[in-house]
Every structure is written in C-alpha cells, then in structure tokens.
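S.K.: model this:
(chains A, B, C and D)
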Protein chains: 4
Amino acid sequence: MINKLEADSLKIGKETLKSRLFIGTGKFSNNKKMPEIIHAGNASVVTVALRRVDQKSTEENILDNIPKDVILMPNTSGARTAKEAIRIAHLAKAMGCGDWIKIEVISDNRYLLPDNQETLLATEALVKEGFTVLPYISPELMTAKRLEDAGAAAVMPFAAPIGSNRGLRTKELVQILIDEIDVPIIVDAGIGRPSEAAECMEMGAAAVLVNTAVATAGNPLKMAEAFSLAVAAGRTAFLAGTGRVLSAGASASSPLTGFLRKEEA
Amino acid sequence: MINKLEADSLKIGKETLKSRLFIGTGKFSNNKKMPEIIHAGNASVVTVALRRVDQKSTEENILDNIPKDVILMPNTSGARTAKEAIRIAHLAKAMGCGDWIKIEVISDNRYLLPDNQETLLATEALVKEGFTVLPYISPELMTAKRLEDAGAAAVMPFAAPIGSNRGLRTKELVQILIDEIDVPIIVDAGIGRPSEAAECMEMGAAAVLVNTAVATAGNPLKMAEAFSLAVAAGRTAFLAGTGRVLSAGASASSPLTGFLRKEEA
Amino acid sequence: MINKLEADSLKIGKETLKSRLFIGTGKFSNNKKMPEIIHAGNASVVTVALRRVDQKSTEENILDNIPKDVILMPNTSGARTAKEAIRIAHLAKAMGCGDWIKIEVISDNRYLLPDNQETLLATEALVKEGFTVLPYISPELMTAKRLEDAGAAAVMPFAAPIGSNRGLRTKELVQILIDEIDVPIIVDAGIGRPSEAAECMEMGAAAVLVNTAVATAGNPLKMAEAFSLAVAAGRTAFLAGTGRVLSAGASASSPLTGFLRKEEA
Amino acid sequence: MINKLEADSLKIGKETLKSRLFIGTGKFSNNKKMPEIIHAGNASVVTVALRRVDQKSTEENILDNIPKDVILMPNTSGARTAKEAIRIAHLAKAMGCGDWIKIEVISDNRYLLPDNQETLLATEALVKEGFTVLPYISPELMTAKRLEDAGAAAVMPFAAPIGSNRGLRTKELVQILIDEIDVPIIVDAGIGRPSEAAECMEMGAAAVLVNTAVATAGNPLKMAEAFSLAVAAGRTAFLAGTGRVLSAGASASSPLTGFLRKEEA
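M.R.: I've put the predicted structure just below:
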C-alpha cells in the first residue's frame, strides 16, 4: 500500500502531472494575480480560453501570466459546434500553445451545458491530428465510452453548471463514469468548496478543475491553497480506502459493560 | 485577512492547540500503532476511555502509547449518569491524566446517543472543580447554551451515531450551534470521510474528532494523514471565505459573444 | 396486510383521528379562510396559539373559525419557561378549549428552537393534571424517552426551524425517534412541500403538522389538499412496505439476452 | 388559478391522459395481478417490452392483462442500436399495439443506461413514420433539445439506474430539462418511493413512470395506490405554487412579544 501511495501520480497524454488540481483562469478579475494563485494551489494544469489570448496586443498577453512549470491547456470556449472547436484548436497550436486542448462546445446560453455530440466529433478529429484532447461533457456514460474509444486523454464531466459553485450535483453519474471508464475522470465546473473537491477525489476522480470557487472567494490565494489541501486529502483517502458505513445503529468504541458496574459490586 | 490567517489558532482552556484534529483511540485494533497514527494525523488532542486505562497492569498501559506532545483528554465512556461521569473524572485526575475531561454519558444501548441532561449536570459540577470540560452532546441549541453558561471549554455535538461513518447527518443543527454558541464547536462521532471533516470546518467548526473512520480504513496511517489535510483545507477555506452559490443558472467565465463570429465576418 | 391497512387509524389520548394531517393556524393572513383550508386538507387536529384567542373581543374570536369536527389543540406559543407554559394550559382549559395541549417553550429568538428541558417539566406537570400533552421538541432521543415515560400522548420533533419551509433537515434524528419511541411521532415545523410530508410518513411518522407551507403557497386551499394527498400517500407506502434499494448497479426489468439476437440468427 | 387547476390535463400525441402515473410491467412476478395493480394506481399508460409479447403462445399473452382503458406503450427493451429499436417498433405496429412507442436503446450491461445518440436516431426515424415516440434518455439537455426538435412526444430522463429504487439522483439535470424543454418531461427509472414521485411532480415533471418500486413492495397493490396519491399530491402542489424557503433562521407564526409579559405587568 505504501508503495502504491508513494508511486501515485497522474499521467495524461505524455505528461506526468505534479498535482491533481487544475485551475481555470476565466473568472479572475486581475490577471496579474494569476501566477500567485496558481502557485498557492500547486496546480499542475492551467486552462485559458483561447479567445482571451490576444496575440496582437503589445500591452498584455494573458499567457505571460501562466507560470512555466505548469501545463498550459487552451480551451475552445466560445465554440458552438465541433467545427468551431477544431478551428480554435488549430489556432492554439499555431500560436505555440502546445498540443493539449480542452474541448468546450456550448450552444445553450442559459445553463452553459456542453454539447456531448459535437464534443465527440471534435475529439475524434483532433485526436487524429495528434492533440492531447480533454473533452468537457455532460456526465453521460455512453458519450464517455465513445470518447474513450476515440482516444480522449481524459474525460471531464461537470459537477454543476459552470460558475454556479453548486457542488457535486451529478454524483450518481460521475461515480458511474469513474467506475466504467478507464481514462482519467476529471471533475470540472460547479465545484464550489474544497470539501466537494475532496469528495470527488474520494470517489476516485483523477483530478478536479476549479475557477469560480477560487475567483469568488474572499481571499482567492488562500482558497487556492485550501483546494490544494483538499484534493490531496481526498486522493490520500481514496488510496487509503475509506471505512465501511453503517446503514443504521452505532458501534461502540469499546465494550460498554462492566467498568463502573463491576466496581460498584 | 492574511494576518487573521497567520494568527489562526485554537485555544481551549489554557491550551493553544497545534492543530484542529482530535483523535479517538477506542477503535484501534492495535494500541502499539497509535503513536504513528496520531503523528500521521498531526492530532493535537487524543481521547482515551478511562476504563481502558489499566493502572495495575504491568504489561501494557494504553497511556504509554499517547505521545507526549499531544493533549490527553480522558473520556467518561461507560458512564450512564452524571454521577458516574463525575466519578470517572475524579479517577482520571487521581491517575495523573491532567484536568481535561470529555464528558460522555450514554444510557441508550442501540444508538449510543448522549444524554444531554445528565451531561449538563456533570459539566456544571466538574467546571466548578476546575476541570477543562468538553461535553459530548446531541446537537441541540438550548443544551449548548446552558453548557456555555456553565463554563464548558467547548461543545462537542455528534455528526451521526458513533462508529457509523455516516457523515454529517446533523448539519442543520450543528450549523446553528456554530452560529449561536461562542465557545468552540468540535464535531465528534459519525464523521466517516475526510471530505465530511472539511465540510464541518468550512461551516465554522473549530475542530473535528475522528476515530472509527481512521480505524476502519484500509490504511489507517494514510487515512489519518488524509484527515489532517482535510481539516486544514476546510479551515483555510473558512478563513478565506467561500464564494456565493448560484441558486439557478450558470455564469460564464468570460463573455461568450463575438469571438468566432466576428472573425467569420 | 389488507386488514391492517383498513384498520389503520391513529389514536392519541382518547381520540381516534380521522386523518394524519395536523394544521397550524398562526400564519394565515385571513382567519376567515381557515375553515375552508382545514376542510381542503382534511385535517384532524388544528392548533391555535392561545395568546391569539381574544375572549373579550366582541368582533372576532379565532376559535369561531375552527370547524366542530376537528380536534382543537391550543398551544403555549409565547411561553419561555415551563411555568409560563403551564399557566397558558390552565387558561386554555378555563376557556373551554378542552384537554389537549401542545407544549411550546421557546426562548431562542433567532431560530425559535424549543427548550427540551423546560418542555419536559411542563409535560410532567400537565400530564399529572389530566391533560393530553403533545410536546414540541428538538429531536433528541433521551428527551423523547423521558417525555414518553412522563406520559406524553405523542412527541413532536421539528423538521427544520419553524416557518422556514426547509424540509426534513433532521431526518437522521427523527428516524431514531420513530424507531425507539412507542408513542406517536408527529413531525412539526419546517416541512415545506408535500413530498417532504410523504417522506416523513414513509419513515413511519404517525402524522405531520404544517402551517407555513400552506399559508405561503400561491393557492393555500389547493396546497392543503396536496398535503392531504401526500400524507395519505406516505402512510399507504409505509404500510405497503417500500422495496429494497440497490446500493449500486441496476436491475433489468426482464432478461436482456436473446430476443433480437436470436431472430437474427 | 382554480380554472387552471380544474382544467389541468396532460396531452401526449393525440391522447389526453386520465392521470400522470405510468406503470411498467417488466418486474411483476405474476402477470395475472397486473390489471388490479394498474387499476389501484389509476395509471394512464402502461409499458410492455415487446419481446415479452409472445404472439404465438396459445396459453398466455401478456397483452391480455392490460386493461382496455389505459394506453398501451410498447417499449423497445432489448434493442442495442437505433436499427434494432426501429425494427421492434415496426413489429409492435404489425402486432396491433398502436402507434405509441417508448424507445429504449441500451448496450451498457452493468448500469443499463440508455444510449442518447442511438435513441435520437431511432426517434427521428419513427416520428417521420407517424409514431408517437417517447424516448428514454440519460438526462442531458442538448439531447433533449434535439429530441424535441425531432418531434418526440415527450422526453423520459432517468432518475437513477433502472430497477435500483435509488430515487431522484439526477435532480439537477432533470430540473434543467423541465425548465428548458417544451414537451412533457416524464421521469422514468429509479424512483423508489412515492415521496420521490411527488418531488418530481412538484418540480414540474409532467408524469412519472414506476415499476420496480411497486413490484418489490411488500404489498404491490397498496404501493400502486400510494404512488397514485403521491403523483396527485405533487401535481397539485406544483399548480398551487410552493412557498418560499428561508435560507436561514425561522419565522414566527405570530408575534412572540407581549402576551405573558403584559399579563404579568
């Protein structure tokens, strides 16, 4: 067991990650603070919406705020079809963003839920082109199986609508993905508190991605640190093996008989 | 905020605790492993049922397994009335166990739930004698207020029946205690997973006590470590201030308009 | 089983109730509508705060709005001690309100949670005087046992803070009361929706009391009817015996093999 | 409001349903009892797996047990692809089962979760042929939108894996379907207790389908009755409009000041 714990690391594509926390960047009010927050959370992967990368600006390039020791994962936020997502992936590669790509295809304007069908099409195309593809999906087993078959490097189901901080509202479905899919399951979107991230990890998720939970915290830096601790806690518990849960009743810590009564006799 | 975080420490009675994890000892199958587990969990306080302390044995004394750098908190497990609890407290002091005492008065044999009324009587008496008293109760506001008035050093409501690993089933009531009671609220009994401990801390609990969750884990040592991380995560999140939760809908990470469409024009 | 179902009725004190829905009256904006609402809900028992009964008014007496075919249960709302509750009970009897009394002793101004200790004292005194006593409590096993021993006709734990419509937040504790206490357990306060009332009944509660859920509904009359149906649904399910719940996996409705495949062969 | 309530009825395809409870038949141990159970539940629609219909048997035809006053909805259970589902639909029509068809396409053998993509293909084809198509899906917004666009008469998301009695584990996603999709949302699979069916209806579901919950009950006849009451309760509550829920605190039924204190003065 100890060996298993020591050797515990997450490999995605060709990379071995230094932690199981991914951080999104879209919600931060001040990009200058990103390096500090990423560092406080000990994040291994940072995702950036490609449309926020302004390669022509001479003043600010958001990529300048991504530390060199994390993996950059551009995402296709803004894409409403597979075709658009593919085009964004090509742009990302052309701009030197590497070969990781998070597929986000969203045409629902109210809940911002991903389109599994278009996401699958984009994934199939981009895997063939050699990208390391991490698709963001609505938790649904058959889509996840097809993504796995298509060569996705991981599958990223949402916990709740993006930016909602509502927590793991899709637990039943995410657990099924974890149990049935062989590539890593990374819970993305909706996680609002570190305890929820820990719960995902206890269930066997490979990693967790957060953004709004950190960005809307009173102290984002400290919240990033809290998530880092929580993800480690949950992973450690998963590897340690959580104990049985009683369906009813209680279990005394030690025999309740005798002690005082005997003395009284 | 930073100062508040740096200075964050828990004082109970005259002691400043080095962590917010308490560990119970009743469920461990092998007392020899206790020091390692306590160390792995970085526990600040360790509770031992006085009836398990056999001061006459020449072979083993459970107290020998309690590290010197933690606070020993004998408990009155086995007591069914205030009178019995008080007697055990006196025995503990006579045996050199210090002046901390956790009051457990239980006469319910099925769920092992504490008797708030007898617990209050024992607390009143022992505070007057100079003990640092931590009463274990069924979460109930008026009892907690009376315990606070009586001079309890902290109040310890249960999360679920002892030994059940069922988690924070009394959340509504524990949150009310946290909001209304000025002495520290320490969640005790029923916590089964680190994520649940983190949740207690995010709610504002001062500390968490675990035993069965660690003892029944596949790897108790690693589970103690997981709880240590989770308690730190939850406390850090509480101090950082968790973000708002949307009651419905979603919140985009960045404006969804324009990007691709503009390019197409 | 059929016989058991047919013969299913609830006896409290000397009364056999015609239904398992109790209705509170404090929140209705218009007392004139009470008879209709009570009728729509087919309530068997109606509770009225004695302090709202103005026996001197020549214009309106709230009691005039209580139908003759329901049991009147005055309550001691406003009492902060056992002594005050006892005095209100005496006033109620003197005013001809019968011998049922719901004990409410509340000194917590924020959550309006009952004081179990004072409630027990009032119950002990009033049972001796011949009242049919239904105490309102914070769900806590030992208090419930003492109330049962003292002769309470039923025990009424809250589901959530009064008027909150938050639902059955104390499920773990209420289930324990149902399992361990022999007098009827009537869930009171906090129930916000009919499905929650049905859940209480499925768990084995004897009855449910609602007020705010009906009073704050868009159409209180229809909501009373909805609660009547839900309580009947839950009770019927309890008697029918709910089916087993799978902890994981699924169970096919019929063999999945062969059908189409055979044909293809 | 009253008019709205009186006029409340559910139309699917060309039919106006007499109730909002659908009953499945696959799990009943004795087909002879079906008419009684269907009657006890006042079900409007009954689904039968076509593969269980043996048109050649001279001894028993399951269809003989379906009362004439309910709508027969054959289902494509056993189909693993759209093509197979379409073939079963054709068989059903040829056998005189009418033009309703519930599409079930399942190739996952462990959780028996539906395949949204194949289900969409089958729905598109069968709507064009004039069937009244009710597809069974994994709750996922974009698939539901496409089914609606394709002319599905209703959409049937699961609550939990079929036969599990685990309840409404997909609440977050089902609520989104109810809010965003204009055709009726009928919750199918996983509902284990009447309170859960009531909850679905309170959320705005158009109807609920149950089978295992009734078939595995101690008394299936009475459980069917309980579901009938619960569905009516939930629907009535939805139309009545449930009250506001306090996020914290309580709300007194009537002013707590003055009463006893004034008298004491």
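
S.K.: from here on, contacts and neighbour counts on C-alpha atoms
M.R.: Will do.

S.K.: Am I right that residue A:187 sits in a strand?
M.R.: Yes - under DSSP: H, G, I helix; E, B strand; the rest coil, residue A:187 sits within a strand.

S.K.: Pull the number of nearby residues for it.
M.R.: Number of residues near residue A:187 (other Cα atoms under 10 Å in any protein chain shown) recorded here: 28.

S.K.: in the sheet, who's paired with it?
M.R.: residue A:208 (DSSP bridges).

S.K.: where does the stretch 151-265 of chain A dip in pLDDT?
M.R.: Applying pLDDT under 70 to the stretch 151-265 of chain A picks out residues A:253-265.

S.K.: Near chain D, which residues of it are found?
M.R.: Counting by Cα under 8 Å from any Cα of the partner chain, the stretch 151-265 of chain A comes close to chain D at A:160, A:169, A:170, A:171, A:172, A:173.

S.K.: so which of those residues comes closest to chain C?
M.R.: Comparing those against chain C with Cα to the nearest Cα places residue A:172 closest, at 9.6 Å.

S.K.: In terms of pLDDT, where does whichever residue of the stretch 1-150 of chain A sits closest to chain B sit?
M.R.: Minimum separation of the stretch 1-150 of chain A from chain B (Cα to the nearest Cα) falls at residue A:26, amounting to 4.5 Å. At residue A:26, the pLDDT value in this model is 81.

S.K.: and it, how many neighbours?
M.R.: Neighbour number of residue A:26 under other Cα under 10 Å is 20.

S.K.: picking that back up, most surrounded residue in the residues of the stretch 151-265 of chain A next to chain D?
M.R.: Among those, residue A:160 has the most neighbours (other Cα under 10 Å), with 28 neighbours.

S.K.: Give me the three-state assignment for the closest residue to that residue other than its chain neighbours.
M.R.: Closest residue in space to residue A:160, ignoring its immediate chain neighbours: residue A:190 at 4.2 Å, by Cα to Cα, 6 or more residues apart in numbering or on different chains. Secondary structure for residue A:190, judged by three-state DSSP, is coil.

S.K.: Do I have it right that residue A:190 meets residue A:171?
M.R.: No - distance between residue A:190 and residue A:171: 11.8 Å, which falls outside the contact criterion (Cα atoms under 8 Å).

S.K.: Next, count neighbours for the residue nearest to residue A:160.
M.R.: Neighbours around residue A:190, by other Cα under 10 Å: 29.

S.K.: I'd guess the residue of the stretch 1-150 of chain A closest to chain B is in a helix, am I close?
M.R.: No - applying three-state DSSP, one finds residue A:26 to be coil, outside a helix.

S.K.: Can you pull the residues that touch both of residue A:190 and residue A:171?
M.R.: residue A:159 (Cα atoms under 8 Å, 6 or more residues apart in numbering or on different chains).

S.K.: gap between residue A:147 and chain D?
M.R.: 13 Å (Cα to the nearest Cα, to the nearest Å).

S.K.: Contact partners for the residue nearest to residue A:160?
M.R.: Taking Cα under 8 Å, 6+ apart as the test, what residue A:190 contacts is A:158, A:159, A:160, A:161, A:162, A:163, A:164, A:165, A:166, A:167, A:168, A:210.

S.K.: Try it again at 10 Å.
M.R.: A:158-170, A:196, A:209-213, B:245-246, B:250-251 (Cα atoms under 10 Å, 6 or more residues apart in numbering or on different chains).

S.K.: same check, this time on residue A:81
M.R.: A:104, A:105, A:106, A:107, A:115, A:117, A:118, A:119, A:121, A:122.

S.K.: where's it relative to chain C, distance?
M.R.: For residue A:81, the distance to chain C equals 34 Å [Cα to the nearest Cα].

S.K.: Backbone torsions only: list them for that residue.
M.R.: Phi and psi for residue A:81, reported as degrees, to the nearest 10, are phi -140, psi 170.

S.K.: what's the pLDDT at it?
M.R.: 96.

S.K.: Mind telling me what element residue A:83 is part of?
M.R.: Element membership for residue A:83 (DSSP states H and E) is helix A:82-94.

S.K.: And the strands in chain A, which stretches?
M.R.: Using DSSP state E, the strands of chain A run over A:10-12, A:15-17, A:21-24, A:45-49, A:71-75, A:100-103, A:132-137, A:156-157, A:186-188, A:207-210.

S.K.: Now for the contacts of residue A:81, which sits with the most neighbours around it?
M.R.: That'd be residue A:105 among the contacts of residue A:81, by other Cα under 10 Å, with 30 neighbours.

S.K.: Show the contacting residues for it.
M.R.: A:75-85, A:112-120, A:122, A:135-137.

S.K.: per-residue confidence for it?
M.R.: pLDDT for residue A:105: 96.

S.K.: can you give me phi and psi for it?
M.R.: Note on residue A:105: its backbone torsions stand at phi -120, psi 110 [degrees, to the nearest 10].

S.K.: How much space separates the residue nearest to residue A:160 from residue A:79?
M.R.: Using Cα to Cα, to the nearest Å, one gets 20 Å for the distance from residue A:190 to residue A:79.

S.K.: likewise residue A:33?
M.R.: Residue A:33 is 27 Å from residue A:79, by Cα to Cα.

S.K.: can you check residue A:164 too?
M.R.: On the measure of Cα to Cα, residue A:164 and residue A:79 end up 20 Å apart.

S.K.: Residue A:107 now?
M.R.: 8 Å.

S.K.: try residue A:119
M.R.: Residue A:119 is 10 Å from residue A:79, by Cα to Cα.

S.K.: re earlier: so residue A:33 and residue A:79 - more neighbours on which side?
M.R.: Neighbour count, other Cα under 10 Å: between residue A:33 and residue A:79, residue A:79 has more, with 25 against 13.

S.K.: got the phi/psi numbers for that one?
M.R.: According to degrees, to the nearest 10, residue A:79 has phi -70, psi 140.

S.K.: My guess is it contacts residue A:108. True?
M.R.: No - using Cα atoms under 10 Å, residue A:79 is not in contact with residue A:108, being 11.1 Å away.

S.K.: Which neighbours do those two have in common?
M.R.: Joint contacts of residue A:79 and residue A:108 (Cα under 10 Å, 6+ apart) do not exist.

S.K.: Would you agree residue A:171 is in contact with residue A:159?
M.R.: Yes - using Cα under 10 Å, residue A:171 is in contact with residue A:159, at 7.3 Å.

S.K.: and residue A:69, how many residues sit next to it?
M.R.: Neighbourhood size, residue A:69 [other Cα under 10 Å]: 11.

S.K.: Kindly provide the distance from it to chain D.
M.R.: For residue A:69, the distance to chain D - Cα to the nearest Cα - is 37 Å.

S.K.: go on, residue A:243?
M.R.: Counting by Cα to the nearest Cα - residue A:243 and chain D are separated by 22 Å.

S.K.: Repeat that for residue A:104.
M.R.: Residue A:104 is 14 Å from chain D, by Cα to the nearest Cα.
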